[in-house]
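>>> What follows is a predicted protein model with its sequence.
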Amino acid sequence: MKKIVVLISGNGSNLQAIIDNCNSGNINAEIACVISNKEDVYGIERAKTSKIKTKIINEDAFQSRAHFDEGLFNLLLDINADLIVLAGFMKILDERTANYFFGKIINIHPSLLPKYPGLNTHKKVIENKEKYHGVSVHYVSSQLDAGPLIAQGQIKVNKDENTENLKERIHKVEHIIYPEVIKLICDNKIYLNLGKTVNLYTNDTKGFMHNSYEI
Ligand code: GRF
């Protein structure tokens, strides 16, 4: 059984999907710890309800951002997880952490990367009258939202759709695709090869998984 650690900053609906999939046995892993950079967030409640160890690492408690980065790095070293899952963690990992754990950290981002890295993706997609929107799961590198892609889930943007509705549908896709990718990684079916490209055991000619959803 693999050991995973999940990093959050907020609501933790993706965390909940991962917990549920671990509990049902779909993901063959144990969540060793949930780390949050904020104390009073619902994701921490979710972890506690499921009796998962939690750890708060708040930048304000450190002398500087560099000390915070050092603290987080050491915490991750201590936990020694097989997989580090970023699920709405609103801090950019420093270069040392991203490089040291390269191939072991994954992130979910609400856009079809490389389109729309950064914040407010749903709003930008609507403003730009995009036909499609989606989510991307990728390995984390030291560049923001730019590591090797593992999977994308795409939906059609509906006519006159508002940001809230689009965001809600995107979350539904996230809750399917993220547990699925984590399952495949924990089953050693997805891995990053030494050439720094993603290899899928199930179909390594494809590069990464791309699905469309009717949600
Ligand atoms: C998700 O939209 C995820 O793609 C982004 O942050 C959000 C986290 O949502 N990185 P939640 O806390 O899992 O509900």
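Everything's here; your move.

>>> residues in contact with stretch 86-102?
For stretch 86-102, the surrounding residues in contact (CB atoms under 8 Å, 6 or more residues apart in numbering) are 6-12, 14-15, 18, 35, 37, 43, 59, 66, 69, 72-73, 76, 84, 105-108, 139-142, 144, 147, 178, 192. Where you see a C-beta, it was placed from the backbone N, CA and C, and this is true even at glycine.

>>> next structured bit after the helix or strand bottoming out on mean pLDDT in the chain?
Ranked by mean pLDDT, DSSP states H and E, the helix or strand of the chain with the weakest confidence is strand 198-200, at a mean of 64. Next along the chain after strand 198-200, taking DSSP states H and E as the criterion, comes strand 209-212.

>>> name the helices or strands packed onto that following strand?
Judged by 3 or more CB pairs under 8 Å, 6 or more residues apart in numbering; DSSP states H and E, strand 209-212 is in contact with strand 149-156.

>>> what separates the strand it packs on from the chain centre, distance-wise?
In terms of CA atoms, centre = their mean, to the nearest Å, the centre of strand 149-156 is set 13 Å apart from its chain centre.

>>> in its sheet, what does it sit against?
Applying DSSP bridges to the sheet, strand 149-156 is found paired with strand 132-139 (antiparallel), strand 209-212 (parallel).

>>> would TSV of these with mean neighbour count be doable?
TSV is the format used below for the strands paired with strand 149-156 (neighbours: other CB atoms under 10 Å):
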stretch	mean neighbour count
strand 132-139	24
strand 209-212	15
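
>>> Spell out which parts of this structure neighbour the ligand.
8, 10-15, 43, 87-88, 108-110, 174 (CB under 6 Å from any ligand atom).

>>> before we move on, back to that, between the strands paired with strand 149-156, which gets the lowest average pLDDT?
For the strands paired with strand 149-156, mean pLDDT drops lowest on strand 209-212, to a mean of 79.

>>> what's that one in contact with?
Outside of strand 209-212, the residues within contact range by CB under 8 Å, 6+ apart are 150, 151, 152, 153, 154, 155, 177, 181, 200, 203.

>>> What's the PyMOL line that selects buried ones from the residues you listed?
Buried residues within the contacts of strand 209-212, by 16 or more other CB atoms under 10 Å, are selected in PyMOL with:
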select buried, resi 150+151+152+153+154+155+177+181+200
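
>>> Of the contacts of strand 209-212, which one scores lowest on pLDDT?
Lowest pLDDT among the contacts of strand 209-212: residue 203, 51.

>>> Which members of the residues of the chain next to the ligand occur in helices, if any?
Members of the residues of the chain next to the ligand lying in helices (criterion: DSSP state H): 13, 14, 15, 43, 174.

>>> Need these in a markdown table (columns: pLDDT and neighbour count).
A markdown table is the format used below for these (pLDDT from 0 to 100; neighbours: other CB atoms under 10 Å):
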| residue | pLDDT | neighbour count |
| --- | --- | --- |
| 13 | 98 | 18 |
| 14 | 98 | 25 |
| 15 | 98 | 27 |
| 43 | 98 | 25 |
| 174 | 97 | 22 |
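
>>> among those, which two are most distant?
Using CB to CB, these span at most 13.9 Å, a distance reached by 43 and 174.

>>> which stretches of this protein aren't confidently modelled?
194-208 (pLDDT under 70).

>>> Next, count neighbours for the residue in it that the ligand sits nearest to.
The chain approaches the ligand most closely through residue 88 (2.7 Å), counting by CB to the nearest ligand atom. By other CB atoms under 10 Å, the residues close to residue 88 number 21.
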